[in-house]
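Visitor: Predicted model follows, preceded by the sequence.
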Amino acid sequence: MRRLDGVLSLDGETIFVKIDVEGMAEAVLRGMPRLLDRATGLLQAEISEAEQGAVALLEDHGWRFVKRIEGDRYSAKE
C-alpha cells in the first residue's frame, strides 16, 4: 500500500476524486494531505455518519460540504 501523495502530484490542478472504500475513507484521506491542500475541485466520497474523522479531515484541508446524495458526500474547494 502506498500514499497517494507519494504516487501522484497534482499541485494547483482542478480535480475530481471519487472515494468508495467501504468504511476506510479516513485512512485514504490521511494518505493524501498534499493533494487535499494544493488542489481544487470536487470530491465525492462514500462517508457514513459514523466516519466523522473523514469529514473533519476534509474540512481541515478547506473542502466545504456541498451535498449528500444517498451514501455519498460531495465536497468542493475553490
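Guide: Everything's here; your move.

Visitor: May I have the residues that are in contact with V21?
Guide: 27-28, 46 (CB atoms under 8 Å, 6 or more residues apart in numbering). Yep, even glycine has a C-beta here, placed from its N, CA and C like the rest.

Visitor: I'd say K77 and F65 touch.
Guide: No. Here K77 lies out of contact with F65, judged by CB atoms under 8 Å, at a distance of 11.1 Å.

Visitor: Can you pick out the residue with more neighbours from the two?
Guide: K77 (17 against 12; other CB atoms under 10 Å).

Visitor: Can you name the residues that contact that one?
Guide: So K77 contacts 39-41, 43, 61-64 (CB under 8 Å, 6+ apart).

Visitor: Can I get the longest helix seen in the chain as CSV, trimmed to CA atoms?
Guide: Longest helix of the chain, by residue count under DSSP state H: helix 52-60. Extracted as CSV, the C-alpha positions of helix 52-60 are listed here (Å, rounded to 0.1, in the frame of the first residue of the first chain):
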residue,chain,number,x,y,z
GLN,A,52,-16.7,12.0,11.4
GLY,A,53,-12.9,11.8,11.3
ALA,A,54,-13.1,11.8,7.5
VAL,A,55,-15.4,14.8,7.5
ALA,A,56,-13.1,16.7,9.8
LEU,A,57,-10.1,16.0,7.6
LEU,A,58,-11.9,17.4,4.6
GLU,A,59,-12.9,20.5,6.5
ASP,A,60,-9.4,20.9,7.9
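
Visitor: Many thanks, we can stop here.
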